[in-house]
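Peer 1: Predicted structure and sequence below. I'll ask about it afterward.
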Protein chains: 4
Amino acid sequence: MIRIQGPGEEGPSLSARGWRATLHEVIFEADTPAGKAFDVLLILSILLSVAAVMLDSVATVRLAWGRWLYGVEWFFTLLFTVEYLLRLSCVGKPLRYARSFFGLVDLLAILPTFLSLLLPGTQYLLTIRVLRILRIFRILKLAQYLGEARVLMEALGASRRKITVFLLAILTLVVISGSLMYVVEGSGGGFTSIPMSIYWAIVTLTTVGYGDISPKTGLGQMLASLIMIMGYGIIAVPTGIVTVEMTQAFGRRKISTQACPMCSADGHDSDAVHCKFCGAAL
Amino acid sequence: MIRIQGPGEEGPSLSARGWRATLHEVIFEADTPAGKAFDVLLILSILLSVAAVMLDSVATVRLAWGRWLYGVEWFFTLLFTVEYLLRLSCVGKPLRYARSFFGLVDLLAILPTFLSLLLPGTQYLLTIRVLRILRIFRILKLAQYLGEARVLMEALGASRRKITVFLLAILTLVVISGSLMYVVEGSGGGFTSIPMSIYWAIVTLTTVGYGDISPKTGLGQMLASLIMIMGYGIIAVPTGIVTVEMTQAFGRRKISTQACPMCSADGHDSDAVHCKFCGAAL
Amino acid sequence: MIRIQGPGEEGPSLSARGWRATLHEVIFEADTPAGKAFDVLLILSILLSVAAVMLDSVATVRLAWGRWLYGVEWFFTLLFTVEYLLRLSCVGKPLRYARSFFGLVDLLAILPTFLSLLLPGTQYLLTIRVLRILRIFRILKLAQYLGEARVLMEALGASRRKITVFLLAILTLVVISGSLMYVVEGSGGGFTSIPMSIYWAIVTLTTVGYGDISPKTGLGQMLASLIMIMGYGIIAVPTGIVTVEMTQAFGRRKISTQACPMCSADGHDSDAVHCKFCGAAL
Amino acid sequence: MIRIQGPGEEGPSLSARGWRATLHEVIFEADTPAGKAFDVLLILSILLSVAAVMLDSVATVRLAWGRWLYGVEWFFTLLFTVEYLLRLSCVGKPLRYARSFFGLVDLLAILPTFLSLLLPGTQYLLTIRVLRILRIFRILKLAQYLGEARVLMEALGASRRKITVFLLAILTLVVISGSLMYVVEGSGGGFTSIPMSIYWAIVTLTTVGYGDISPKTGLGQMLASLIMIMGYGIIAVPTGIVTVEMTQAFGRRKISTQACPMCSADGHDSDAVHCKFCGAAL
């Protein structure tokens, strides 16, 4: 999905090309010592800046250190802005990078600070910077982890349609049972409107159960019991879907499709060199 | 399950037949531009009318816009009534349509408004109209989604008996543990009666846990802990059932649709070369 | 497990044997019209008596109908006592029946009323009578349901050891995390003692979450977050265990172990008559 | 993992070696009557001491029996200290024992009492002693239970990487949705800071749902509904992972323990006739 462009193949001049290629290697790759150091520094900056945003939201901390944290916020925002511009300048196809997943995340990681000049409070959205840390997988060349993540995504992707059908069924169920509860309970127990009752139905069906709204009448409690038991059983459906898809996604890699040229038996392991039944070379 | 009748095969006269067939094509099918436009308009109407019902239930909105929303409600109800009558008139076997799933939903989608003249409040049941949106699958020819839905239903259908046994076991468990808690806790912590305690047991066993009723005595808390751990483990049972059925439901696709040319038995494995019943070559 | 004895093979006299055999057929079997009628009446009595016990526990109902319900309770208790004695008298080996699962349930279904003369309140335990309704399976000859129940029990039985290990791990986890929370939270947020904290840990780990006790300090909330995420993940373990056992329990029935006598291929369906590969008779 | 060292192979003198070997057999093994008696006594001591610690934390009990329980605590701590020193003295490689899992647990089971002289309250951490009871498996030679536990651990171990990826995704999700809720809800409904909102997001996503913090605004409730439905669906992921791994862990038993006589590779299927790597007959 996310491809990082190599440097432009026909740069304007050799020296310029060399300068951009070097920068590209430091910023985008992690093979050279400089590249690795850059990446480690980047991750530290991200973690520090997210911690600063979180601390800034705690009232007592803001009272005591508010000015400092405000400075830290702007420092990291400017730093990441410079980094973003450098990335744009040294990549071969800037537009393609800007529209890639990480390009968008890099942009979203600096926008909230500028936005907070107009809309105070939006700076707390800076925590979206944690998404940048996902880059850690690529940086540390954690190929195996990436592989696992890909299999998980594949399994979820393959069950996309089934999950859509499931979600539509849940939504329908929640709208109807919410309305029923509104009619049955009246506005006594917190069921003040149909949207509120639908919210309650979601809280109940997913077995979260805050308890801020709960049925008070006998009929309402019977209906709620029914919804709870349904929610308890319905959870089996996504679990079943994902398990089946995962079984197939993982199974797909293990057994070779190769048949023995001698006895034409199949079902060999993908690392097999000889047929396990007749001993012929595969 | 849900079959839409074609027009009567021997209509009374050609012109009448043509009129009914055209209407049928517009209302029931989505192949022609007119049919597609009708379906899109219908879905928009459904969404708008459900939104109106929901808004009407919010006290502040009703105060300000109550009269308007009342008008909107009657407008859509009359619209859907006309549509229902047209459906009845142009379908080949009206009774069969009226008793089909969508026929019943179409009727239930207009009844509450008329009922609310006698029983105020029932108009909120109009949200059952969302069920009509399930028709979207058929309309948009989302054959693949329908297929997925069918496999899900099949898997749930196949585990029908196991789920009945499971639900009976849960009910028995809930009645007995509810009574025990009533005896142990007394009416101090909200366990005011056995039905109330059974309600609590359901809330606890399904791990919803509102907290409106919770045990206060040491013995009651020990018993509750036991019920929680059981509920935590018991959830594995429906999940296991559904997963196994789904594995089989999806695996079943590997069964060839080919019937034996000799004995016409079907259900052969896709790798079968000979009929497993009579031995004839497939 | 539960075997109903036939009448004694060498009864004292033919007439006595006939009397006992007839009674046995009416009470224990459901083949004859009389036996069926008896069973239907029995189930109705059980449902009525359980309903009476439940109603009796509701304060407002007891105030108005207390004396009536007291009478109903004693009526059904005496009825079931007579039935129990009749069962004892007509069965071949009374002791074996008395110690069987249903024999014990039949006894427990009458004891609480007599006990309530000494210990008021115990009559509410009469709801254990619902267990008698499980007999409905045998009575209505619901063989298929019994079969499903047996497979479920088998699957759970086979995972007995794994579930024991799992429960021991959960208990250890809950004791240690409860103690940790007691030390961290102090008695401020309701963590008044280690047993109370263990109760909280169970409520949290099973994702029930009443909210009657919840951490207030930052450290306590971090620890609680950890326990929640563990509980969220740990639920996968019993689910995995049961799913695997069920797959095996259900799979065990479908595929024949028979190999083809001609090509010695195996994996044939249990209903296969011919080899699916070479067409030879199995 | 946990290996108990045999006595030193070349002890300083025969009599000393004999003394240490005898002690080793009593303390570490459970074959001899003395060894079995020691182990049973040990487990009883552990259970009693944990019960004493728990009782000590209950305010009313401490008031009445505080002095006694304090004595009991020191008695068991000294007892376990002597036992720990004896274990160190009679084992062949004391350092290796001290760094093994059970060696560390044995040490942690006595430290808190001594620590409580400096930091009152830490004695409640003594409940970590329950971990010592896990030794019961080895003591009672519950080989089958150990086997089951090993398969469970293997299945969890094999899914280590997938679970890490899953947890990282959960953490990212929880940080971002917590910040969003903080911005949307303001500090009205208890969302007083971003860390608090992240705590709420964990409580909600894991479907625990205490209800101590819950959204009050319409937008907040919509966002919360989304998080709940995601949490409800996401639980399918660890379940799917563990189920697949368990299916493989249990299925792996079908792998023969036979090594190839030619190339000594192992891991062959139990139905293999020839080595899959070199083709030699097995």
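Peer 2: Perfect, thanks for sending it. Numbers count the residues shown, from 1 in each chain, chains lettered A, B, ... in the order given.

Peer 1: Now the host helix or strand of A:M222: buried residues?
Peer 2: Element membership for A:M222 (DSSP states H and E) is helix A:218-234. Residues of helix A:218-234 classed as buried: A:220-225, A:227-229, A:231-234 (neighbour count, 16 or more other Cβ atoms under 10 Å in any protein chain shown). C-beta here means a position set from N, CA and C on the backbone, and glycine is covered the same way.

Peer 1: got these as JSON lines, with pLDDT and distance to chain D columns?
Peer 2: What follows is the buried residues of helix A:218-234, written out as JSON lines (pLDDT from 0 to 100; distance: Cβ to the nearest Cβ, whole Å):
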{"residue": "A:G220", "pLDDT": "91", "distance to chain D": "18"}
{"residue": "A:Q221", "pLDDT": "92", "distance to chain D": "17"}
{"residue": "A:M222", "pLDDT": "93", "distance to chain D": "22"}
{"residue": "A:L223", "pLDDT": "93", "distance to chain D": "19"}
{"residue": "A:A224", "pLDDT": "93", "distance to chain D": "15"}
{"residue": "A:S225", "pLDDT": "94", "distance to chain D": "17"}
{"residue": "A:I227", "pLDDT": "93", "distance to chain D": "13"}
{"residue": "A:M228", "pLDDT": "93", "distance to chain D": "12"}
{"residue": "A:I229", "pLDDT": "91", "distance to chain D": "15"}
{"residue": "A:G231", "pLDDT": "88", "distance to chain D": "8"}
{"residue": "A:Y232", "pLDDT": "86", "distance to chain D": "11"}
{"residue": "A:G233", "pLDDT": "82", "distance to chain D": "13"}
{"residue": "A:I234", "pLDDT": "84", "distance to chain D": "9"}
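
Peer 1: Distance from the chain centre to the helix holding A:M222, please.
Peer 2: 32 Å (Cα atoms, centre = their mean, to the nearest Å).

Peer 1: and what of stretch A:39-52?
Peer 2: The answer for stretch A:39-52 is 19 Å, by Cα atoms, centre = their mean.

Peer 1: Any part of that stretch near chain C?
Peer 2: No. Judged by Cβ under 8 Å from any Cβ of the partner chain, stretch A:39-52 and chain C are separated, with a smallest distance of 14.2 Å.

Peer 1: can you list contacts of that stretch?
Peer 2: A:30, A:69, A:72-73, A:76-77, A:79-80, A:83, A:126-127, A:129-130, A:132-133, A:135-136, A:139, D:175 (Cβ atoms under 8 Å, 6 or more residues apart in numbering or on different chains).

Peer 1: So which of the residues you listed sit within helices?
Peer 2: In this view, the contacts of stretch A:39-52 that belong to helices under DSSP state H are A:69, A:72-73, A:76-77, A:79-80, A:83, A:130, A:132-133, A:136, A:139, D:175.

Peer 1: Looking at these, which is nearest chain C?
Peer 2: Of all those, D:V175 has the smallest distance to chain C: 11.9 Å, by Cβ to the nearest Cβ.

Peer 1: And the helix or strand containing A:L47, what's buried?
Peer 2: Using DSSP H and E, A:L47 falls within helix A:33-56. Across helix A:33-56, burial judged by 16+ other Cβ under 10 Å covers A:35, A:38-39, A:42-43, A:45-46, A:49-50, A:52-56.

Peer 1: got JSON lines for those, with pLDDT and distance to C:L168 too?
Peer 2: Listed next are the buried residues of helix A:33-56 as JSON lines, based on pLDDT from 0 to 100; distance: Cβ to Cβ, whole Å:
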{"residue": "A:G35", "pLDDT": "81", "distance to C:L168": "49"}
{"residue": "A:F38", "pLDDT": "85", "distance to C:L168": "49"}
{"residue": "A:D39", "pLDDT": "81", "distance to C:L168": "44"}
{"residue": "A:L42", "pLDDT": "86", "distance to C:L168": "45"}
{"residue": "A:I43", "pLDDT": "84", "distance to C:L168": "40"}
{"residue": "A:S45", "pLDDT": "89", "distance to C:L168": "46"}
{"residue": "A:I46", "pLDDT": "87", "distance to C:L168": "42"}
{"residue": "A:S49", "pLDDT": "88", "distance to C:L168": "44"}
{"residue": "A:V50", "pLDDT": "87", "distance to C:L168": "39"}
{"residue": "A:A52", "pLDDT": "88", "distance to C:L168": "44"}
{"residue": "A:V53", "pLDDT": "87", "distance to C:L168": "43"}
{"residue": "A:M54", "pLDDT": "88", "distance to C:L168": "38"}
{"residue": "A:L55", "pLDDT": "89", "distance to C:L168": "41"}
{"residue": "A:D56", "pLDDT": "86", "distance to C:L168": "45"}
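
Peer 1: Looking at those, which one is closest to C:G103?
Peer 2: The shortest approach to C:G103 among the buried residues of helix A:33-56 belongs to A:M54, at 64.0 Å (Cβ to Cβ).

Peer 1: If you drop the residues flanking it in sequence, what lies closest to the closest one?
Peer 2: Leaving aside its sequence neighbours, A:M54 sits nearest to D:I194 (Cβ to Cβ, 6 or more residues apart in numbering or on different chains; 4.6 Å).
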